[in-house]
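# Need coordinates for the below:
(chains A and B)
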Amino acid sequence: MIRVLVATVNRPRAGRHALRIAAAVAGLPGDPAGYRFPHPRASVTHTDQVGVAAVLVGGPAAGVGVDLEHDQPVRPATARFYLHDDEPHDDLLRLWTVKEAMFKADPANATRTLRDYRADDPAYQHVSARHLGGWLTVAACLAREPMPTNTISFETVASRVAGVLRVPETDLTPQTLIKDLAADSFMMVEMIVDLQEEFDAVFTQARLREVDSLGELVELLQESAA
Amino acid sequence: MSDIQLSENELWIASFYRSSEMSGAMFFGRVARTIRGPLQKDVTHHFADESAHASYWTDCIDSLDQRAIPMRDAYQDRYMDAVGVPASLMEVMAITLVFEKRTIGHYNQHLREDNTPAPVRATIEKIMLDERWHVRYVREALQAMEQRYGKQEIEDTLARYTAADVEIYGKAMAEFEERFANQ
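Residues are numbered from 1 along each chain as shown, chains lettered A, B, ... in the order given. Here you go, the predicted structure:
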């Protein structure tokens, strides 16, 4: 059975303070500055009124997440950013906290968004409660199958590039210069966004500027993937 | 035959708007083709809007018994030249937000010109309805991307593109000053 200890401090943005208390009770290191998130046993959330910490004290969980949102209007139009069409849309504020808590509980959340999680995912347990004039949700990640990631190799990247830009794959080598690949900047945007989406990678324009060849782009994708 | 005639400068400006809208459609067509997540619907809608706007300008010019001047130049090209190729969906949305806000500002400025021909005015007003939605959905999309890219990274990117926009717009206006002054 998963057991989570929750501490609340009624002071603005006091998440770290709440963590210090919860960690002390659970026998974890007490210095909040020493925690990096996602943490396998701890999670914090805060608002401008309160701070909350959740600490895992028992059970086979790979991570824990907590989120608190005070009552506020939620625009239905924004639901598409965290809910799938076939998920319940009955209480958007609560569902937002569910997705946030699941995200925080996921030890490998670096390149994921809230929509990558489903509220009914059997790999998670979550509990929501009315608390402090809002919704408080605690989630635990029980186990998680690795996200399906495509193998990033020169061959897989070259195949993608060839398909997007309609160039013969056999013409592509690790030494092929990226600037020679796309006929215009719009094609370049399509190619780069497609590669990031396909391989679940995140990198910036500044990082891309350091890359000249297709081989270097493959390395950048490998470094930046989930 | 129309009672209104576009001057040479007015025709050039309407043609430039048309070219920029077409360029926007081609850009968003590229992005819409590859995007997979929840933004797919909005970006595809955006692509369709830009195409429709190009059509509105073509219709506007046609209603005045003239033909758009074929041109390769478009405002978007100047952005890409100045700030480089956006390398992620977040950067695509950030550059779009800056660009759309600039477009609204510029079209508003054009509407303030007393001598703007009625068909041109009507075309801008029709387009502006869509432009406001573009700003809204892109802003929401960027907020939703904070978890993935980081709020600070998004703010830095917007600041970088906004600074570039001021320079690009200033240069473009200096270049087209005569045309805008002599509509």
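# only C-alpha atoms for contact and neighbour calcs from this point on.
Will do.
# show me where the chain has helices.
With no chain named, the answer covers chain A. Listed in chain order, the helices of chain A (DSSP state H) span A:15-26, A:92-105, A:154-165, A:185-199, A:205-209, A:214-224.
# actually it's chain B I care about, not the one you picked
So, for chain B - with DSSP H - the helices run B:8-34, B:40-63, B:75-83, B:89-111, B:118-144, B:146-149, B:151-181.
# before we move on, back to that, tell me which of the helices of chain A sits nearest to residue B:144.
Across the helices of chain A, residue B:144 has its closest neighbour in helix A:92-105 (11.5 Å, CA to CA).
# Near chain A, which residues of chain B are found?
Applying CA under 8 Å from any CA of the partner chain, we find that chain B lies next to chain A at B:26-27, B:30-31, B:33-36, B:38, B:80, B:84-89, B:91, B:140-141, B:144-145, B:147-149.
# Narrow those to those that are buried.
In terms of neighbour count (16 or more other CA atoms under 10 Å in any protein chain shown), the buried residues within those are B:26-27, B:30-31, B:34-35, B:38, B:85-89, B:91, B:141, B:144-145, B:147, B:149.
# what sits against the residue nearest the centre of chain B?
Centroid check for chain B by CA atoms, centre = their mean gives residue B:103 as the closest residue, at 5.1 Å. Residue B:103 makes contacts with residue B:131, as judged by CA atoms under 8 Å, 6 or more residues apart in numbering or on different chains.
# Could I get the pLDDT score of the closest residue to chain A within chain B?
Per CA to the nearest CA, residue B:87 is where chain B lies closest to chain A, at 4.8 Å. pLDDT for residue B:87: 89.
# which non-adjacent residue is nearest it?
Computed as CA to CA, 6 or more residues apart in numbering or on different chains, the closest residue to residue B:87 that is not its neighbour in sequence is residue A:205, at 4.8 Å.
# pretty sure that neighbour contacts residue B:88?
Yes: applying CA atoms under 8 Å, one finds residue A:205 in contact with residue B:88, separated by 7.4 Å.
# Pull up the gap between residue A:193 and residue B:100, please.
Look at residue A:193 and residue B:100: by CA to CA, to the nearest Å, they are 20 Å apart.
# Residues in contact with the lowest-mean-pLDDT helix or strand in chain B: which ones?
When the helices and strands of chain B are scored by mean pLDDT, DSSP states H and E, helix B:75-83 comes last with a mean of 79. Outside helix B:75-83, the residues within contact range by CA under 8 Å, 6+ apart are A:185, B:20, B:23-24, B:161, B:164-165, B:168.
# Got a quick PyMOL command for the buried subset of the residues you listed?
Applying 16+ other CA under 10 Å to the contacts of helix B:75-83 leaves a buried subset, and the PyMOL line that selects it is:
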select buried, (chain A and resi 185) or (chain B and resi 20+23+24+161+164+165+168)
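# so which of the contacts of helix B:75-83 comes closest to residue A:42?
Proximity of the contacts of helix B:75-83 to residue A:42 was ranked by CA to CA; the top entry is residue B:161 with 37.3 Å.
# Which residues of chain A lie near chain B?
Residues of chain A found near chain B (CA under 8 Å from any CA) are A:78, A:80-81, A:110-113, A:185-190, A:192-194, A:196-197, A:202-205, A:208.
# what residues are up against residue A:37?
Residue A:37 touches A:43, A:104, counting by CA under 8 Å, 6+ apart.
# got the contact list for residue A:45?
Counting by CA under 8 Å, 6+ apart, residue A:45 touches A:15, A:51-53, A:66-68.
# what's the lowest-pLDDT member of the residues you listed?
residue A:15 (86).
# The residue lying closest to that residue once chain neighbours are set aside: neighbour count?
Among residues not flanking residue A:15 along the chain, residue A:51 sits closest, at 3.9 Å (CA to CA, 6+ apart). Counted with other CA atoms under 10 Å in any protein chain shown, residues neighbouring residue A:51 total 24.
# Correct me if wrong: residue A:51 contacts residue A:44.
Yes: counting by CA under 8 Å, residue A:44 is a contact partner of residue A:51 at 7.4 Å.
# Next, show the common contact partners of these two.
Shared contacts of residue A:51 and residue A:44 (CA under 8 Å, 6+ apart): A:15-16, A:18.
# from those residues, which is closest to chain B?
Nearest to chain B among these: residue A:15, at 18.1 Å, using CA to the nearest CA.
# my read: the closest one touches residue A:48, true?
No: counting by CA under 8 Å, residue A:15 sits too far from residue A:48 to count as a contact (10.4 Å).
# Which one's more surrounded, the two?
A count of neighbours by other CA under 10 Å puts residue A:15 above the other of residue A:15 and residue A:48, at 24 against 11.
# In contact with the more buried one, which residues?
Applying CA under 8 Å, 6+ apart to residue A:15 gives the contacts A:9, A:44-46, A:50-53.
# What about those residues, which are in strands?
Applying DSSP state E to the contacts of residue A:15, the entries found in strands are A:9, A:44-46, A:51-53.
# What residue spans form the domains of chain A?
A:3-141, A:154-224 (automatic domain parsing).
# pLDDT below threshold where in chain B?
B:1-2, B:178, B:180-183 (pLDDT under 70).
# switch the cut-off to 80
The model of chain B has pLDDT under 80 over residues B:1-4, B:37, B:72-80, B:175-183.
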